[in-house]
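Asks: Sequence first, predicted model second:
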Number of protein chains: 2
Amino acid sequence: MSDNSAVSFLYAKEILSKGQQCLSKAYAYIKSQCMDGEGKLSSELLDNYQYSAYELAYCSAEFSAASFLIDYAEKLHKQKSGGQDIIYEQRIAMMFCAEVVQNARSKLSLRLLDYGISAALYEQTLNHPELNLFCQEQLQTCHYVALGEQLIQQEGYIADPQLGEDINIMREAFQKFSTDVVMPLAEHIHREDLLVPNEILQPLVDMGCFGLSIPEQYGGLQADGEEDTMGMIVVTEELSRGSLAAAGSLITRPEILSRALLAGGTEAQKHYWLPKLASADPFCAVAITEPDYGSDVASMKLKAERVAGGWLLNGAKTWCTFAGKAGVLLTLARTDADSSLGHRGLSMFLVEKPASDGHEFRYQQPSGGVLSGKAIATIGYRGMHSFDVFYDQVFVPDDHLLGGDAGLGKGFYYTMAGFSGGRIQTAARANGLMQAAFEQGMNYAKERKVFGHAIADYQLTQVKLARMAILLTASKQFTYAVARLMDAGKGQVEASLVKLFACKTSEWLCREAMQIHGGMGYAEESAVSRYWIDSRVLSIFEGAEETLALKVIARSMIEAADVE
Amino acid sequence: MSDNSAVSFLYAKEILSKGQQCLSKAYAYIKSQCMDGEGKLSSELLDNYQYSAYELAYCSAEFSAASFLIDYAEKLHKQKSGGQDIIYEQRIAMMFCAEVVQNARSKLSLRLLDYGISAALYEQTLNHPELNLFCQEQLQTCHYVALGEQLIQQEGYIADPQLGEDINIMREAFQKFSTDVVMPLAEHIHREDLLVPNEILQPLVDMGCFGLSIPEQYGGLQADGEEDTMGMIVVTEELSRGSLAAAGSLITRPEILSRALLAGGTEAQKHYWLPKLASADPFCAVAITEPDYGSDVASMKLKAERVAGGWLLNGAKTWCTFAGKAGVLLTLARTDADSSLGHRGLSMFLVEKPASDGHEFRYQQPSGGVLSGKAIATIGYRGMHSFDVFYDQVFVPDDHLLGGDAGLGKGFYYTMAGFSGGRIQTAARANGLMQAAFEQGMNYAKERKVFGHAIADYQLTQVKLARMAILLTASKQFTYAVARLMDAGKGQVEASLVKLFACKTSEWLCREAMQIHGGMGYAEESAVSRYWIDSRVLSIFEGAEETLALKVIARSMIEAADVE
């Protein structure tokens, strides 16, 4: 392929744009079918289009990924080659675009009528002859094989110059920490279901990890008045490469608390809590989900009743990760008994407790209230323990109500603020896990011989490794692009798109890396077996795949759609 | 859809046949590219087509599944409705055909040139307008929703009348045993990595499970001179529904030993060993795989040297499941030092040892030889322990060489004979696991409420459950059809096809059943988390997916292809 790269990038963008026209029409069709009598979108009618919406949301996630990847490759291309040669990243970007178009075709062409897409429209957009030509050209086996061979030759990690020197220095530090400290401990932590040990925790505290989302004026690392999503996600990515739960997810909780505090805390609360959180003294945890209401925050039942000097909390929370080690639980409670208020009856409390190391804890307050917890045994994501937590007449003083009386009824809003960075962070966690699995798969493929050759010498392995690299690059660049958007105060829908894409991709990639290991992939001593189990949690938490696709992504796309 | 069903079945068959023409052309193209100078298929050249061959093999597996499913539905339709109404199974079969066509299109259309398929040929076959129409008609969301709703209404298990009364009575007995005895123990066995307890083993011995593949004349349950693959796989399926490793895979080993003995044993060996194996006195295990040679049997190194009265064995084996509890290990060893002989230098031994219950064993023979083993910790498939086994000057008497001196050099052949039932049995194991996961997913969807409704009330759940039922039905019927072929002495390639299809499908199905459980799907107390982990082993063992697709399926399809 000897082409003019500038033209080729432009062409790829046109290809994507043609494909996206088809998605837009489908969203608009659903919108047109789901308006109620008053010209508003009806949730009930939307439920009749769940399957289509779910499929479309995933297509949208892939198209966004492709579009950001093309931008990245184009910029890099100008820097690297002065616009002359085809670079590795360009090849990857083009191939990924073609895969994305093909995937959308596979999903949509199955049931065009359900998407309200006429055969004529389909032929003019997703199935346009130019798109077919583009896919045929880009997806030839020889391209995968060439890419795979190149990857197998390549030694070590290649830094992304577009992230800037500061970020890359930070990355290197955490990469080294993961390799030297986390990785050697990770298998033991997983297999014995241990709490993350101080050998990991203390250096992270010392490096300021827990203050990454806290402004400098409150004792954190973040320049005042500036978001630093990029720093947070690069650290998350590198720590997750070491271990998802015993490193990569440690900063999730202080981030949620600090965002909630910054959004709603009184000045006194911010000054009291933020420096403590930044130095992990105490560690913290988040108690939002209830046993009977997963993603359905508006139905939460844990009750807070006003008493002299404070509140009494009664009820239960679940999936409260790190609640044992934590000294404070950010707890969402119903402060207004009128259940018809839904999420407007919820408020947020900072509930203190002593830290404890085991799989269970029980704390009896001087006033007689009891806060207790029991870890839920999970198949993976081990290192922090996730607890069922029970509140029995737990007393919380007035000044631990987030925002004071002004915060009453705003608990749902503070929850949203707290979790606003959670989705992109989860994408970064997926990327770190994928990086680790990719490295393991690559190493094993090079070392292991079957039928007289290294596994890496076989075409099928080369294709697998190439596809892994393509998807991993797409996922990382998607994440970085969304981080830039978020630092500019935008990108909330994109954060959901990248979460959906990265998490699903990580399941596939870890599975393939495992498959390269043959029987050893199933042994606990192979790290890849743990990566595969850990990757499974990512599409479940921080917005389950289905909820994210339907209630966030498709919903907002449908709302924004132009009905002719 | 008010159609004439007979016409509709005929039509579906034509659709499949048109699609398969495209696959046949692709195989023929690869063949034409891979002939050496002497008109023989060159393995080296074939390696240049691994990616295409891998994708084609999976398409072939799906087309075979669809074709058997249509046959099944057609027969059932005649029995049930006298040819009048559209029955549940017909709807499932039609939808599955359409999915299969669509999947093949997604894979092949990406790179037609690599498959040697011209645009014109593609338009006349897989992309024929009639195939498009058929897919559009069958794959409408409304059909999935209707099917999902029907499944949700339906209570309990529906027996398959085509299997006959005897098989269904057998099925019921093992279904009940799984539900009452195995299921309540399965979680504990998995989480504590325990050996399958006598509460499970003894009743299975009493029910004759270990003699299912042993002729009556040798103390087994099989009518003399008749294969009974169907009985074996129905028992396997029902036991696997209880637990993959603590029940469903128990009969794999005696089956392999008895097949090897029947193929190569002397009459004395058959009379001595087969009744013992049938009554699980002792249990047995299979020591074939070596640490450095997974699927590469011809390179095996474990050495047997002739000494007075017998042989001395030295070397190592791995993935020797149940080796601790076993009293005899079927061991493949190199009896001819000339390594250029490859698999022709291998022979088979029956190596006796005492049974032991732990994760390690060490047996010192009176002669000084030591046979020892250490269990490999695995993420799932727990209950039998899989061992690394070490042979250090292990003495085996002459009469424990399978086939006596006539068996020298025939070890590879006896291995093949032993494993000939393994692939279809693995498909049956996948089916049992899928049945269990489907039941759990269904139950949870009915019970659990989110946003005020049972999960089962949502369209997306209904579609998921419908797709699960479609794929599970296809996989089961494919397995039964291949069992019938095998009982007629045919179906070896089909056994590989159904293994590939069932195992991959089980990964998807268990993942989706887990996803329906939300956060609870990731908890060890939810059986579905274990099913998901167990399902992962299926595409790794008994012929890894890649080996099966390339070396067995694609290879035989390419060999059989007509080059014009």
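Replies: Perfect, thanks for sending it.

Asks: and the lowest-mean-pLDDT helix or strand in chain A, which strands flank it?
Replies: Using mean pLDDT, DSSP states H and E, strand A:449-450 stands out as the lowest-scoring helix or strand of chain A, at a mean of 86. Its sheet considered, strand A:449-450 pairs with strand A:453-454 (antiparallel) by DSSP bridges.

Asks: what about chain A, any weak spots by pLDDT?
Replies: Residue ranges of chain A with pLDDT under 70: A:1-4, A:81-86, A:156-158, A:294-295.

Asks: Which residue ranges make up each domain of it?
Replies: Annotated domains of chain A cover A:5-139, A:284-418 [automatic domain parsing].

Asks: Tell me the residues on the stretch 351-500 of chain A that lie near chain B, please.
Replies: Proximity of the stretch 351-500 of chain A to chain B, by C-beta under 8 Å from any C-beta of the partner chain, involves residues A:376-381, A:449-452, A:458-460, A:463. Yep, even glycine has a C-beta here, placed from its N, CA and C like the rest.

Asks: who's in contact with residue A:444?
Replies: Counting by C-beta atoms under 8 Å, 6 or more residues apart in numbering or on different chains, residue A:444 makes contact with A:455, A:516, A:517, A:520, A:528.

Asks: Which of the residues you listed fall in helices?
Replies: The helices, defined by DSSP state H, take in A:516, A:528 from the contacts of residue A:444.

Asks: can you pull out the strands in chain A?
Replies: Secondary structure of chain A (DSSP state E): strands located at A:284-287, A:303-307, A:310-321, A:328-334, A:346-352, A:360-364, A:370-376, A:386-397, A:449-450, A:453-454.

Asks: which parts of the stretch 1-150 of chain A sit against chain B?
Replies: So the stretch 1-150 of chain A meets chain B at A:47-52, A:54, A:102, A:105-106, A:109-114, A:135-136, A:139-141, A:144-145 (C-beta under 8 Å from any C-beta).

Asks: Please convert the buried members of these into ChimeraX selection syntax.
Replies: Burial among the residues of the stretch 1-150 of chain A next to chain B is assessed by 16 or more other C-beta atoms under 10 Å in any protein chain shown; the matching ChimeraX selection reads:
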select /A:47,48,49,50,51,52,54,102,105,106,109,110,111,112,114,135,136,139,140,141,144,145
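
Asks: what's the most distant pair in the residues of the stretch 351-500 of chain A next to chain B?
Replies: Of all pairs drawn from those, the greatest distance, 47.8 Å, lies between A:376 and A:452 (C-beta to C-beta).

Asks: still on that earlier bit, any chance of CSV for the contacts of residue A:444, columns distance to residue B:66 and neighbour count?
Replies: Putting the contacts of residue A:444 into CSV (distance: C-beta to C-beta, whole Å; neighbours: other C-beta atoms under 10 Å in any protein chain shown) gives the following:
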residue, distance to residue B:66, neighbour count
A:455, 32, 24
A:516, 30, 25
A:517, 32, 23
A:520, 34, 20
A:528, 33, 27
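
Asks: Relative to residue A:417, which of the contacts of residue A:444 is nearest.
Replies: residue A:528 (36.8 Å).

Asks: Any idea how many residues pack against the residue nearest to residue A:183 when sequence neighbours are not counted?
Replies: Counting by C-beta to C-beta, 6 or more residues apart in numbering or on different chains, residue A:242 is the residue found nearest to residue A:183 once chain neighbours are left out, at 5.2 Å. Neighbour count for residue A:242, taken as other C-beta atoms under 10 Å in any protein chain shown: 25.

Asks: before we move on, the earlier item: from the chain's centroid, how far away is the least confident helix or strand of chain A?
Replies: 36 Å (C-alpha atoms, centre = their mean, to the nearest Å).

Asks: what's near enough to touch whichever residue of the stretch 51-200 of chain A sits closest to chain B?
Replies: Nearest residue of the stretch 51-200 of chain A to chain B: residue A:106, at 3.9 Å (C-beta to the nearest C-beta). The neighbourhood of residue A:106, defined by C-beta under 8 Å, 6+ apart, consists of B:102, B:105, B:106.
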